[in-house]
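Chemist: everything below, folded, please.
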Amino acid sequence: MKTRLLSLLVAVVLSAAVMPATAAFAQEHGGGESATSNSPKWSDVKEVATWSIVGVGTGAVVLGVFYTLKRKVGGFPENPTWVAPITIMQSKDFLSEDNMPDAGGHDSHAPAH
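Modeler: Numbering: from 1, shown residues only. The predicted model follows:
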């Protein structure tokens, strides 16, 4: 278990170290003639697109590792002490034209100001 946790920690640290580098590589572009043209071609944006995809993928992996780590540590208890105050209603309990309270007709409405 300790070896697994240590390898998970090493993976998180390495992934976090690579993320800024992928963003920096994505921002680099060649200073050639094609960089200033009005109609970009795939060859002009291939490197930026590739590194952007790598950056997004790396971020997803890092956040997934953090989520998994939090679940393993017990960050999401089965029976929490606080539960969000939501109300679950069945669709048959929704207001309809038959059971709407009388609002006083079309002329009575809330003032706009």
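Chemist: separation between Pro80 and Gly57?
Modeler: Distance from Pro80 to Gly57, counting by CB to CB, to the nearest Å: 32 Å. C-beta: built from backbone N, CA, C; applies to glycine.
Chemist: revised request: answer the last question for Trp42.
Modeler: Counting by CB to CB, the separation of Trp42 from Gly57 is 20 Å.
Chemist: spit out the contact partners of Val13.
Modeler: Residues near Val13 by CB atoms under 8 Å, 6 or more residues apart in numbering: none.
Chemist: host element of it?
Modeler: helix 2-27 (DSSP states H and E).
Chemist: which one's more surrounded, Trp42 and Gly57?
Modeler: Neighbours were counted for Trp42 and for Gly57 using other CB atoms under 10 Å; Gly57 has more, 11 against 7.
Chemist: distance check, that one against Leu8.
Modeler: Counting by CB to CB - Gly57 and Leu8 are separated by 18 Å.
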